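Peer 1: everything below, folded, please.
(2 chains)
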Amino acid sequence: MAKRRSHRRDTLPAIDRRQFLSSTGVAVGGLLAATSGVGAGGRAPLAAGAAFQGEPVAGGTMIWAQELDPVSLDPHKTSNFSTVQGIEHTYQSLTMYDEELNVVPCLAESWESPDDTTYIMHLRPGVLWHDGTELTANDVKYSLERLLNPETAAPYASWFNAIESVEVIDPLTVQLNLSAPYGPLLANFAAMRGSSIIQNGADAAMNLQLQAVGTGPYRMVDYVPESHFTLARNESYWEEGLPYVDEVTFKILVDEDARVAALRSDQIQYAYLTVEGAERLAGEAAVSVLRSPKAWLVAHFMNTFREPFTDVRVRQAISLAVNRQEVIDKAVGGAGVLSGPMPTGHGDWFIPVENLPYAQDLDGARALLAEAGFPDGFATTITCSPQYPEFVASSVVMQEQLAQIGIEAEVVQMEWGQFVSDTSRQNGWNYDIKVTAFTFYPDPDGYLYTPWQTDSTSNYTYSNPEFDAIVAEARSTLDVAKRHELYDQAQQMLLDESPAIFWYVGENIEALPANVQGYTQSYTGRRIFLKKTWMEQS
Amino acid sequence: MVSYILKRMVLAVPVLLGISVIVFLLVRLIPGDVIDLMLGTEGSLRPEVREQLRQTLGLDQPLYVQYVTWLGDIVRGDLGRSLRTGQPIVENLAGKLPITLELAFLSVVMSLVVAIPLGIVSALRRNSVIDFVVRVLGTIGLSLPNFWLATMLILVASLLFRWGPALIYVSPLDNLGENLKQMFLPSLALALGLMAVVMRMTRSSMLEVLSQDYIRTARAKGLRERLVIYRHALRNALMPVLTVVGIQTGHLLGGAVIVEQIYGLPGLGWFLLNGIYQRDYPVVQAGVLIIAGIFVVTNLVVDLLYAVIDPRIQYV
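Peer 2: All right, here's what the predicted structure looks like:
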């Protein structure tokens, strides 16, 4: 098989993004309206908000607000999303994402698989590190071996554990030998969770927590923890003409009001916002607010290893009793789209919203509860952390909804660190119902195998041998159509068995001044397309 | 004087030692450890890798061993390394402490400069309109939390003036003017509370002193009112004010945590807060110890100032 890419291009008619946006009535320029491509066209490609107008101009400097400190720039050792945000413009991997979430070649120009467990990656010739030396296969080997070395204790090493060995064939060819066929591999590279390629020997040569020498569109000039990091244009970047802006400083502004204020006073050229923040900016003609669904799937998980949730009828009753749209309206002010076990908008893997079995049926719910031996309901707890206000808000709405069928749920709030430790597998899954969210996983495997397979280290209290077999087969299948079939089956099973109440995917809300052009939102929630962003020169 | 200072320094040792024990234990009482938080809810580590990480970080040692090791390092001037980043904490603090100290210093100066004259006027014109206005303002100042003030100041500035303090910290050594412009709003947010306290204290203390016999005597011997106020009344009235300022440094440093975060100032407060969120034990321990140290030193200075203001007080 030749180049194996995300299949979506093959299964869907190509839609020109500008046409698509204009057909959905998006104002271009000035205040950009919300775009939500999901719902209307079923499995429509993701419609990300984008600002574009005229021909790009190079030059200028910008300050972008970064909402959390990256903590460390070490691309292999950390699990924080903010670390990814810190390094994603500096480091790159073998593959990357385009605007429509297709996995496209990056440092690997092409690849081939002589058999199911071998990938031969042909590196892009002439790619220069920010220090001027050339990228070679040794760098790839070094990076992957550092990632997989148990001493590195890389939190995302499990995404690459299938790689048994890395062989350098020649300076621009590297061969990955897998222990078993592993479908998610190419997408996992694109996600930048531990997949960054660093220079051969970088760990010994520099302090990777504070320094980064990569191949990306921007060079890391300096990182001042808890203050800012500064990026400068990589003059010898391999994507023709990119990037446009000379210098970008990411200023860490944790407080949303501070970000809103800085946007108003024209001090920053980008900010990530919540719905409340976006409302505060309404009427600011000089600021464009982009909105689109993103990979942030909020769900309440029931502990199926604990009474009474061991009984599937109890879980189904709860699923019938809740009103999911009400949760969206009340917990996040309507800024969300209904979702099943795969987040709505993720490629074409998710169950279209109109096919989700989400009609509320209180009588049916009461009947199921009675059948399970709880005609008068029961008492239980919902554990949540105020670290994310929407988790508490959705818990309270759910509490009210459950009361309708006699279930008395107490909402227990705890600080995030305590929540993480208390409800984890290591500490015996200490909860009845807990709420959290899945962020971006590159492959359905992340949403269907990682949380639900019995032996997975991040299991969310569910075990079903039949289900395990399906996701295991999907993981080791490379045929895309076959994987589709298996993952559809797995999702259906999760909806039937209801180990969790899946609510919605959140919205990615980003604000940029109107003179900043070319930025496209990414379903990943990352700011991948900073590289295509440019400033109108006045 | 010198022996007094030395004595106080020696007395500070058990205080700091006590604090070190308390913070060491308290931070470990919070559920969850740094590895849990490194992994979040999505990352995963095999149990053996996790155990090995605990060993590398020294978290597998018994508590007393961890404590004694840490204390030994402190005595040698080594505050340890952050569990999260592996950076020496001393290096981190070198950049952060001055920012917090400047913020606290500017707030104190700002509140004293405004509050003491207001307090005096208020006391002298007791029950007048001015007194009334100042007292109402004082009550308002006392009741507004500084995190709210900090947010309001920045929002109002952006709405009315399309202006906000510079985002990247400018050191006063590089550009004093820019630095002061940048620090004005955060210092003000922090200063208003203290201002109210100092103003009320000055007022009530002045009222008490003004009713003393020696003031009547001073006036009776024909001293000019100005001299009576400044040389006799104010000097005596300042003692309790000074005490309050000393005690309020604790509040000030606590308030700095929030204000620094809102204004994006990379100071000690924010560093400490992140340390707590991430269960970065050495960072929390070092941060709290430093703040305790500042508190002890400030109050020592206050005690020494008593002697300057009141010649009857002598330290031997």
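
Peer 1: which stretches in the stretch 1-150 of chain B count as helices?
Peer 2: B:2-29, B:34-39, B:47-56, B:63-75, B:89-124, B:129-143, B:146-161 (DSSP state H, counting those that start in this stretch).

Peer 1: out of those helices, which is the most enclosed?
Peer 2: Among these, helix B:34-39 has the highest mean neighbour count (mean count of other Cβ atoms under 10 Å in any protein chain shown), at a mean of 22. In short, each C-beta sits where N, CA and C put it, glycine included.

Peer 1: picking up where we left off before, want to throw the helices of the stretch 1-150 of chain B into JSON lines with mean pLDDT?
Peer 2: Output for the helices of the stretch 1-150 of chain B, formatted as JSON lines (pLDDT from 0 to 100):
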{"stretch": "helix B:2-29", "mean pLDDT": "88"}
{"stretch": "helix B:34-39", "mean pLDDT": "73"}
{"stretch": "helix B:47-56", "mean pLDDT": "78"}
{"stretch": "helix B:63-75", "mean pLDDT": "88"}
{"stretch": "helix B:89-124", "mean pLDDT": "92"}
{"stretch": "helix B:129-143", "mean pLDDT": "90"}
{"stretch": "helix B:146-161", "mean pLDDT": "91"}
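
Peer 1: and residue A:404, which of the ones you listed is closest to it?
Peer 2: With Cβ to Cβ, the closest approach to residue A:404 among the helices of the stretch 1-150 of chain B belongs to helix B:34-39: 35.8 Å.

Peer 1: quick check: domain ranges of chain B?
Peer 2: Domain segmentation of chain B under automatic domain parsing yields B:2-75, B:96-277.

Peer 1: can you pull the contacts of residue B:197?
Peer 2: B:115, B:142, B:244, B:248 (Cβ atoms under 8 Å, 6 or more residues apart in numbering or on different chains).

Peer 1: so can I have CSV of these showing distance to chain A?
Peer 2: Listed next are those as CSV, based on distance: Cβ to the nearest Cβ, whole Å:
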residue, distance to chain A
B:115, 27
B:142, 23
B:244, 30
B:248, 24
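
Peer 1: looking at the domains of chain B, spot the one closest to residue A:497.
Peer 2: Nearest to residue A:497, of all those, is domain B:2-75, at 21.4 Å by Cβ to Cβ.

Peer 1: relative to chain A, which residue of the stretch 51-200 of chain B is the closest?
Peer 2: residue B:158 (3.7 Å; Cβ to the nearest Cβ).

Peer 1: isn't that residue up against residue B:151?
Peer 2: No: using Cβ atoms under 8 Å, residue B:158 is not in contact with residue B:151; the gap is 10.9 Å.

Peer 1: excluding chain neighbours, what is closest to the residue of the stretch 51-200 of chain B closest to chain A?
Peer 2: residue A:261 (3.7 Å; Cβ to Cβ, 6 or more residues apart in numbering or on different chains).

Peer 1: can you get me a residue count around the one you found?
Peer 2: Applying other Cβ atoms under 10 Å in any protein chain shown, we find 27 residues neighbouring residue A:261.

Peer 1: and the one 5 residues further on, by the same measure?
Peer 2: With neighbours defined by other Cβ under 10 Å, the count for residue A:266 comes to 15.

Peer 1: against residue A:231, how distant is it?
Peer 2: Distance of residue A:266 to residue A:231, given as Cβ to Cβ, to the nearest Å: 20 Å.

Peer 1: what's the helix or strand for residue B:184?
Peer 2: Taking DSSP states H and E as the criterion, residue B:184 maps to helix B:176-210.

Peer 1: following element in sequence after that helix, please.
Peer 2: helix B:213-220.

Peer 1: next, the angle from that next one to helix B:176-210.
Peer 2: Comparing the axes of helix B:213-220 and helix B:176-210 via axes from the mean of the first three to the mean of the last three Cα atoms, to 10 degrees yields an angle of 90 degrees.

Peer 1: skipping adjacent residues, who's closest to residue A:226 in space?
Peer 2: Residue A:226's closest residue in space is residue B:266 (Cβ to Cβ, 6+ apart), at 4.1 Å.

Peer 1: and the closest residue to chain B within chain A, what pLDDT?
Peer 2: Per Cβ to the nearest Cβ, residue A:155 is where chain A lies closest to chain B, at 3.0 Å. You'll see residue A:155 listed with a pLDDT of 85.

Peer 1: give me the number of residues near it?
Peer 2: For residue A:155, using other Cβ under 10 Å, the count is 23.

Peer 1: would you confirm that it contacts residue A:79?
Peer 2: Yes: contact criterion Cβ under 8 Å: residue A:155 and residue A:79 qualify, at 3.9 Å.

Peer 1: count the residues that sit near the closest residue to residue A:78 other than its chain neighbours.
Peer 2: Spatial nearest neighbour of residue A:78, excluding adjacent residues (Cβ to Cβ, 6+ apart): residue A:72 at 5.1 Å. The local packing of residue A:72 (other Cβ under 10 Å) involves 25 other residues.

Peer 1: check contacts around residue A:72.
Peer 2: A:78, A:80, A:83, A:209-210, B:84-85.

Peer 1: gap between it and residue B:227?
Peer 2: 62 Å.

Peer 1: you'd agree residue A:337 is in a strand?
Peer 2: Yes: assessed with DSSP: H, G, I helix; E, B strand; the rest coil, residue A:337 lies in a strand.

Peer 1: show the pLDDT at it.
Peer 2: Looking at residue A:337, the pLDDT reads 95.

Peer 1: quick one: it and residue A:345 touch, right?
Peer 2: Yes: judged on Cβ under 8 Å, residue A:337 makes contact with residue A:345 at a distance of 7.1 Å.

Peer 1: the two: which has the busier surroundings?
Peer 2: residue A:345 (30 against 20).

Peer 1: which of the three states applies to that one?
Peer 2: coil.

Peer 1: can you check the one 5 residues further on too?
Peer 2: Of the three states, residue A:350 takes coil according to three-state DSSP.

Peer 1: and it, how far is that from residue A:80?
Peer 2: Counting by Cβ to Cβ, the gap from residue A:350 to residue A:80 is 26 Å.

Peer 1: so for these two, which sits in the more crowded spot?
Peer 2: Remark: of residue A:350 and residue A:80, residue A:350 carries more neighbours, 25 against 20, as counted by other Cβ under 10 Å.

Peer 1: so who does that one touch?
Peer 2: A:43, A:339-340, A:342-344, A:491.

Peer 1: would you mind checking which of those the model is least sure about?
Peer 2: Pick the lowest pLDDT in those and you get residue A:43, at 39.

Peer 1: got the buried residues for stretch A:352-362?
Peer 2: Neighbour-count burial for stretch A:352-362, with 16 or more other Cβ atoms under 10 Å in any protein chain shown as criterion, is recorded at A:352-353, A:356, A:358, A:360.

Peer 1: same question for stretch A:130-144.
Peer 2: Of the residues in stretch A:130-144, those buried (16+ other Cβ under 10 Å) are A:130, A:135-137, A:139-144.

Peer 1: checking residue A:169 next. Helix, strand or coil?
Peer 2: strand.

Peer 1: please look at it and residue A:122 and confirm they touch.
Peer 2: No: in this structure residue A:169 lies outside contact range of residue A:122 using Cβ under 8 Å: 9.4 Å.

Peer 1: which of these two has more neighbours?
Peer 2: The residue with more neighbours, out of residue A:169 and residue A:122, is residue A:122; 18 against 12, by other Cβ under 10 Å.

Peer 1: show the pLDDT at the most centrally placed residue in chain B.
Peer 2: The centre of chain B sits closest to residue B:253, judged by Cα atoms, centre = their mean, with a distance of 2.6 Å. On pLDDT, residue B:253 comes in at 86.
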